[in-house]
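Engineer: pasted the sequence and its predicted model underneath.
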Amino acid sequence: MKIATYNVNGVNGRLPVLLRWLSESQPDVACLQELKAPSEKFPEQAIFEAGYAAVWHGQKSWNGVAILAKKKYALTEVGRGLPGDPEDEQSRYIQAKVNGILIVCLYLPNGNPAPGPKFDYKMEWFKRLNTKAKSLIKLKTPVILTGDYNVVPTELDAYKPERWVNDAVFFPEPRAAYRRLLKQGWVDAIRQLHPDEKIFTYWDYFRNAFNRDAGIRMDHFLLSPHFKDRLKCAEVDRHVRGWEKTSDHAPVWIEISEK
DNA sequence: ATGGCATTTAAAAAATGA
């Protein structure tokens, strides 16, 4: 079973890219972030015609997350919105059950400029995520926490770490929070299979960053211990970042075997 | 050290991203 995550950076503005990638990659499940569209403007029809059912949580202009699954699967949403702050209106979290797996699709706040209120929001959100994750990992159900974490976990995950030291994605606090999350028992799928490789999932639009491979790794797959012997493959669809009118992120995917 | 690009909203320029 192939499961992917992709920060699309505008689900309508980049619909041709999304459809091209779905058609080529054929993931069984795809988690999308940064829809940048209200729920009523989600391109449900086009995605259905591409072979996918979907659940989504949109928001006007910003954020927005969705989970797609091939029609042969039963896709059931089992919650949206990260608990812990009733004031938080941003659409950054949705979870669904597919093929006996609990899939969590998240878009962690970026946090720039840092320090500041946006960085504080990021850290509060991260804290709430870790609280939620702690209860999820106790479940009997296998769980996948995937999406755009807006965190560069280690120096190996940036082409030039010193260039990112003043950026919220590389600040010590979110990196520490990510380490605390892993300590609960989650496995970073890319690092599990590629412990020493420089692997990026994001290249900015400036300075020809993609062609220079000046990227960072911020989109992650975290697996509950149930997947210990089931993880077969974890890769980045790097070439998608080279397409016309593409997102600044590339899709990431894993292949897992049936139990 | 700055600015480089690209989106959405809405009708020009601002906000956001990372």
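Structural biologist: The structure has been received and is ready for your questions.

Engineer: state the pLDDT value of the residue nearest in space to the middle of chain A.
Structural biologist: For chain A, residue A:147 is the residue whose C-alpha lies nearest the centre (Cα atoms, centre = their mean; 1.1 Å). If you check residue A:147, the pLDDT there is 98.

Engineer: in which helix or strand would I find it?
Structural biologist: strand A:143-148 (DSSP states H and E).

Engineer: what packs against the helix or strand containing residue A:94?
Structural biologist: Counting by DSSP H and E, the element that carries residue A:94 is strand A:93-98. Strand A:93-98 makes packing contacts with strand A:52-57, strand A:65-70, strand A:75-80, strand A:101-107 when contacts are defined by 3 or more Cβ pairs under 8 Å, 6 or more residues apart in numbering; DSSP states H and E. Just so you know, the C-beta spots here come from the backbone N, C-alpha and C atoms, and that holds for glycine as well.

Engineer: one step back: contacting residues for the residue nearest to the centre of chain A?
Structural biologist: Shown in contact with residue A:147 (Cβ atoms under 8 Å, 6 or more residues apart in numbering): A:5, A:7, A:31, A:33, A:65, A:104-108, A:219-220.

Engineer: can we see that at 6 Å?
Structural biologist: The contact partners of residue A:147, by Cβ atoms under 6 Å, 6 or more residues apart in numbering, come to A:5, A:31, A:33, A:105-107.

Engineer: name the residues of stretch A:189-204 that are buried.
Structural biologist: By 16 or more other Cβ atoms under 10 Å, the buried positions in stretch A:189-204 come out as A:189-191, A:193, A:199-203.

Engineer: which parts of the stretch 101-250 of chain A are strands?
Structural biologist: A:101-107, A:143-148, A:187-188, A:202-203, A:215-216, A:219-223, A:231-236 (DSSP state E, counting those that start in this stretch).

Engineer: to residue A:180, which of those strands lies closest?
Structural biologist: strand A:219-223 (12.3 Å; Cβ to Cβ).

Engineer: who are the packing partners of the closest one?
Structural biologist: Strand A:219-223 makes packing contacts with strand A:143-148 when contacts are defined by 3 or more Cβ pairs under 6 Å, 6 or more residues apart in numbering; DSSP states H and E.

Engineer: around DNA strand B, pick out the residues from chain A.
Structural biologist: By Cβ under 7 Å from any atom of the strand, the residues of chain A that approach DNA strand B are A:7, A:9-10, A:12-14, A:34, A:36-38, A:41, A:60-63, A:109-110, A:112-113, A:118, A:148, A:150, A:167-169, A:202, A:204-207, A:216, A:218, A:245, A:248.

Engineer: just the buried ones from those residues?
Structural biologist: Listed as buried from those are A:7, A:9-10, A:14, A:34, A:36-37, A:63, A:109-110, A:148, A:150, A:167-169, A:202, A:216, A:218, A:248; burial here means 16+ other Cβ under 10 Å.

Engineer: how far away is residue A:75 from DNA strand B?
Structural biologist: In this view, residue A:75 and DNA strand B are 24 Å apart by Cβ to the nearest atom of the strand, to the nearest Å.

Engineer: tell me the pLDDT of the nearest residue to that residue once chain neighbours are set aside.
Structural biologist: Of all residues beyond its chain neighbours, the one nearest residue A:75 is residue A:69 (4.1 Å), with distances taken as Cβ to Cβ, 6 or more residues apart in numbering. pLDDT recorded at residue A:69 is 98.
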